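Trainee: generate coordinates for the sequence data below:
(2 chains)
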2 protein chains.
Amino acid sequence: MAESPFTLHSRSSQSAARRGEVRTAHGIIQTPVFMPVGTQATVKGVTPENLKDLGAEIILGNTYHLYIRPGHRLIRELGGLHRFMNWDRPILTDSGGFQIFSLKDLAKITEEGAAFKSHLDGSKLFLSPEDAVMVQEALGSDIMMCLDTCIPYPASRDEVIAATALTGRWAKRSREAHENRAQLLFGIVQGGMHEDLRAEAVEELVDIGFDGYALGGLSVGEDQEQMLAVTSYTAALMPEDYPRYLMGVGTPEDLIEAVWRGVDMFDCVMPTRNARNGMLFTSSGRLVIKNARYRDDPRPVDELCDCYVCRNYSRAYLRHLFVAREILASHLNTIHNLHYYVNLLGGMRRAIEEDRLAEFRRNFYLQRTDTD
Amino acid sequence: MAESPFTLHSRSSQSAARRGEVRTAHGIIQTPVFMPVGTQATVKGVTPENLKDLGAEIILGNTYHLYIRPGHRLIRELGGLHRFMNWDRPILTDSGGFQIFSLKDLAKITEEGAAFKSHLDGSKLFLSPEDAVMVQEALGSDIMMCLDTCIPYPASRDEVIAATALTGRWAKRSREAHENRAQLLFGIVQGGMHEDLRAEAVEELVDIGFDGYALGGLSVGEDQEQMLAVTSYTAALMPEDYPRYLMGVGTPEDLIEAVWRGVDMFDCVMPTRNARNGMLFTSSGRLVIKNARYRDDPRPVDELCDCYVCRNYSRAYLRHLFVAREILASHLNTIHNLHYYVNLLGGMRRAIEEDRLAEFRRNFYLQRTDTD
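Mentor: Residues are numbered from 1 along each chain as shown, chains lettered A, B, ... in the order given. Take a look at the predicted model:
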């Protein structure tokens, strides 16, 4: 088994939070970390330089989308995903499982893998666990994810058992198919909302041996309390000396609480998607930029924020751009929201280093006064 | 009469082209110059920093659009258009006349001014020549344009005479309403396709006395030959010691030919609008990025171009972004096309300085081999 890519720097004495780093082929990521989502070989609306300016250390790419368009072979021919999209820092790719699962009636899961129809043209496609690794190797991502089976919520215990067992068998096949060890491979812990099944899933994956472990099957419709309960007990079962990644989560509040419970890595479309819809994250809460109250507001989006947008533009201008449906609205809103998320994690890293995460968390909630 | 803001640096011995500069409240513009169009207080899809990086010295704002949304009073309250949109270099605003004219049945022109309905909500509005100056003074642009009456093409000689005469009377009223002399005011020469009427219009405007003179009523449906014929004889009649601005023109070929005929300033939506539609300008011709031939093309858009896009991205990537309808497609395509236009004028400036504009023009046409 390969050496862990994770180094633990320090722990919070107030919580299960950890401060560490993950070493990848394209550099070292400081954790806890938020990964902006770049579905189609671009983080929607921003350039790689914008991402670096706002402090992003790693981004996520979606294997399902890239497999369908423009295709992993084309990306490999053109030098891999980093070169294709002009991003030289680490990239994590998901396995495509979640997107295929989201196709619902267009997908059929068998022991062998996932048969599905392209959402673009309806063409019939098939992705096995081995294919998912091969596609991600062609993309050249730094961290690859095993193909997993997603579990609907709510689901019966039997459904959860069956899906978790299949995820385990696919994880073993993924590890065996994994050739380029310079690319890390993470296993995904399923098990639904059942502590015993999560525990079994962790054990099975650790037996196989991965470079990191992800919490899958959360943020699928359960409430925050349940999500955090599962995160708490599952994170506590995951190996201490490997990175822990909570997939697809979440709100700023979710990130604070999940870091508190020992999670190291996050991705979510919320900051980018909400930006395009005009919902901005600020230290005092959420701000809906189209609201009439911002029509002549000369203040920046967040007076405590030092991002490019808050240094240069008023709420009134951002409201005008949004109302006028200008492209620049999406660009600027995305820069602000990603800066908020990336720097929220930066603040948590410093708080863990200085062992004041409880104070950081308390202040975070105290500041939320002005939500639209 | 105020001193001219224009200084002539040198002349082409091969043509009527001139190399000069225009002094404005926000800095000096080197001419001939191309002005990117920023209709709604943003050049669509790019930031002020992008514009500076690609070499833009001055941009254009549309008075009609800003008057309707967000309103000139709001922009004045927020410190003027420069501050509102975070652009500290010169801005030229048009008068709104062309956009009102384009509303066709929604607009009615009288001696007093233009009555029209907002294209946004149908509300009834009125703009007199005095209003147009007042609105532009509120916006705080560096160069303001007189409200003019646009002439349909084709039009009878009598129609042209009437509209040109009204434009003249409005020009006089505009100059009288012009209070802030730190903002320059340009008159607009109408006269349709009639040399004698153009000559009378120039004479009338020069008698009133403006800080610069614009060629209006071109690029309205006439062919290039006719447009250039009118440009030739009208430019030759315009005062030598004032800037000459050809409004709303045009293709790269149009710009070469109009500079050759003595024009100093240009604006056009073509580079920005075509960018969003995937049509890119290159040294060898036009390139339609969605074409299948670029699917796996690792080359930059233009191998002779040193813009941010050509230094960092392949045609294959830009095609992918365009086909996938990603926002970044508009952003990158706009940067490239504006760089092309702005630097085409930069190349002409150097060619005039070195008195080799004929060679520059010949090479320009020789390079056009590879048009999609």
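
Trainee: skipping adjacent residues, who's closest to the residue of chain A positioned farthest from its centre in space?
Mentor: Distance from the C-alpha centroid of chain A peaks at residue A:296, with 35.8 Å (C-alpha atoms, centre = their mean). Excluding its sequence neighbours, the residue lying closest to residue A:296 (C-beta to C-beta, 6 or more residues apart in numbering or on different chains) is residue A:316, at 5.4 Å. (Each C-beta comes from the backbone N, C-alpha and C, glycine too.)

Trainee: report the secondary structure element holding the one you found.
Mentor: Assigned by DSSP states H and E, residue A:316 belongs to helix A:315-323.

Trainee: still on that earlier bit, what strand or helix carries the residue farthest from the centre of chain A?
Mentor: Using DSSP H and E, no helix or strand contains residue A:296.

Trainee: show me what contacts it?
Mentor: Going by C-beta atoms under 8 Å, 6 or more residues apart in numbering or on different chains, residue A:296 touches A:316, B:74, B:77-78.

Trainee: what about the residues you listed, which are in helices?
Mentor: A:316, B:74, B:77 (DSSP state H).

Trainee: list only buried entries from those.
Mentor: By neighbour count, with 16 or more other C-beta atoms under 10 Å in any protein chain shown, the ones in helices among the contacts of residue A:296 hold A:316, B:74 as buried.

Trainee: so the residue of the stretch 101-250 of chain A at minimum distance from chain B, which state does it fall into?
Mentor: Chain B sits closest to residue A:120 of the stretch 101-250 of chain A, with a gap of 9.4 Å, by C-beta to the nearest C-beta. What DSSP: H, G, I helix; E, B strand; the rest coil gives for residue A:120 is coil.

Trainee: again with residue A:331
Mentor: Under three-state DSSP, the three-state class of residue A:331 is helix.

Trainee: list the contacts of it.
Mentor: A:45-46, A:50, B:45, B:47, B:327, B:331.

Trainee: you'd agree residue A:134 is in a helix?
Mentor: Yes - judged by three-state DSSP, residue A:134 forms part of a helix.

Trainee: now the phi/psi pair for the residue of the stretch 101-250 of chain A closest to chain B, please.
Mentor: phi -90, psi -50 (degrees, to the nearest 10).

Trainee: what's the residue nearest to it when sequence neighbours are not counted in contact with, if anything?
Mentor: Spatial nearest neighbour of residue A:120, chain neighbours left out: residue A:68 (5.9 Å); criterion: C-beta to C-beta, 6+ apart. By C-beta under 8 Å, 6+ apart, the contact list for residue A:68 reads A:118-120, A:125.

Trainee: show me which of those are buried.
Mentor: For the contacts of residue A:68, buried by 16+ other C-beta under 10 Å: residue A:125.

Trainee: pLDDT and distance to residue B:232 for the contacts of residue A:68 - can I get that in CSV?
Mentor: Listed next are the contacts of residue A:68 as CSV, based on pLDDT from 0 to 100; distance: C-beta to C-beta, whole Å:
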residue, pLDDT, distance to residue B:232
A:118, 92, 56
A:119, 90, 56
A:120, 92, 52
A:125, 94, 61
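
Trainee: burial measure for residue A:196, as a count.
Mentor: By other C-beta atoms under 10 Å in any protein chain shown, 10 other residues sit near residue A:196.

Trainee: then residue A:159?
Mentor: Counted with other C-beta under 10 Å, residue A:159 comes out at 13.

Trainee: would you agree it is in contact with residue A:152?
Mentor: Yes - Residue A:159 lies in contact with residue A:152 (C-beta atoms under 8 Å); the separation is 7.4 Å.

Trainee: what does chain A put close to chain B?
Mentor: Contact residues (C-beta under 8 Å from any C-beta of the partner chain) of chain A with chain B: A:40-42, A:44-47, A:69-70, A:74, A:77-79, A:84-86, A:295-296, A:298, A:312-314, A:316-317, A:320-321, A:323-324, A:326-328, A:330-332.

Trainee: which of those residues are buried? Put it as a ChimeraX command.
Mentor: In ChimeraX syntax, the buried subset of the residues of chain A next to chain B is picked out as below (16+ other C-beta under 10 Å):
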select /A:40,41,42,44,45,46,47,70,74,78,84,85,86,296,312,313,314,316,317,320,321,323,324,326,327,328,330,331,332
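
Trainee: got phi/psi on the residue nearest in space to the middle of chain A?
Mentor: Residue closest to the mean C-alpha point of chain A, counted by C-alpha atoms, centre = their mean, is residue A:267 at 1.5 Å. Main-chain dihedrals, residue A:267, degrees, to the nearest 10: phi -140, psi 150.

Trainee: spit out the contact partners of it.
Mentor: A:34-37, A:60, A:92, A:247-248 are the contacts of residue A:267 under C-beta under 8 Å, 6+ apart.

Trainee: and of the contacts of residue A:296, the nearest to residue B:224?
Mentor: residue B:74 (40.3 Å; C-beta to C-beta).

Trainee: my read: that closest one touches residue A:316, true?
Mentor: Yes - judged on C-beta under 8 Å, residue B:74 makes contact with residue A:316 at a distance of 6.9 Å.

Trainee: and the helix holding residue A:316, what does it pack against?
Mentor: Packed against helix A:315-323 by the contact rule (3 or more C-beta pairs under 8 Å, 6 or more residues apart in numbering or on different chains; DSSP states H and E) you find helix A:327-353, helix B:81-85.

Trainee: CSV for those, including distance to residue B:110 and mean pLDDT?
Mentor: Formatted as CSV, the helices and strands packed on helix A:315-323 follow (distance: least, C-beta to C-beta, whole Å; pLDDT from 0 to 100):
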stretch, distance to residue B:110, mean pLDDT
helix A:327-353, 37, 98
helix B:81-85, 29, 98
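
Trainee: make TSV from these and add distance to residue A:236 to it.
Mentor: Converted to TSV, the helices and strands packed on helix A:315-323 look like this (distance: least, C-beta to C-beta, whole Å):
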stretch	distance to residue A:236
helix A:327-353	17
helix B:81-85	51
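
Trainee: the strands in the stretch 1-150 of chain A, which residues?
Mentor: Applying DSSP state E, counting those that start in this stretch to the stretch 1-150 of chain A gives strands spanning A:6-11, A:18-24, A:27-31, A:33-35, A:37-38, A:59-61, A:91-93, A:107-109, A:114-117, A:124-127, A:143-145.

Trainee: so what sits opposite the residue nearest to the centre of chain A in the bridge?
Mentor: Judged by DSSP bridges, the bridge partners of residue A:267 are residue A:35.

Trainee: how close does it get to chain B?
Mentor: Remark: distance between residue A:267 and chain B (C-beta to the nearest C-beta, to the nearest Å) = 18 Å.

Trainee: quick check: chain neighbours aside, which residue is closest to residue A:178?
Mentor: residue A:185 (4.9 Å).

Trainee: for that neighbour, list the residues it contacts.
Mentor: A:133, A:143-146, A:174-175, A:178, A:210-211.

Trainee: go again with 6 Å.
Mentor: A:144, A:178, A:210-211 (C-beta atoms under 6 Å, 6 or more residues apart in numbering or on different chains).

Trainee: most neighbours among those, which one?
Mentor: Within the contacts of residue A:185, neighbour counts (other C-beta under 10 Å) peak at residue A:144, which reaches 27 neighbours.

Trainee: I'd like the contacts of residue A:296 written out as JSON lines, with pLDDT added.
Mentor: Shown next, in JSON lines, are the contacts of residue A:296 (pLDDT from 0 to 100):
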{"residue": "A:316", "pLDDT": "98"}
{"residue": "B:74", "pLDDT": "98"}
{"residue": "B:77", "pLDDT": "98"}
{"residue": "B:78", "pLDDT": "98"}
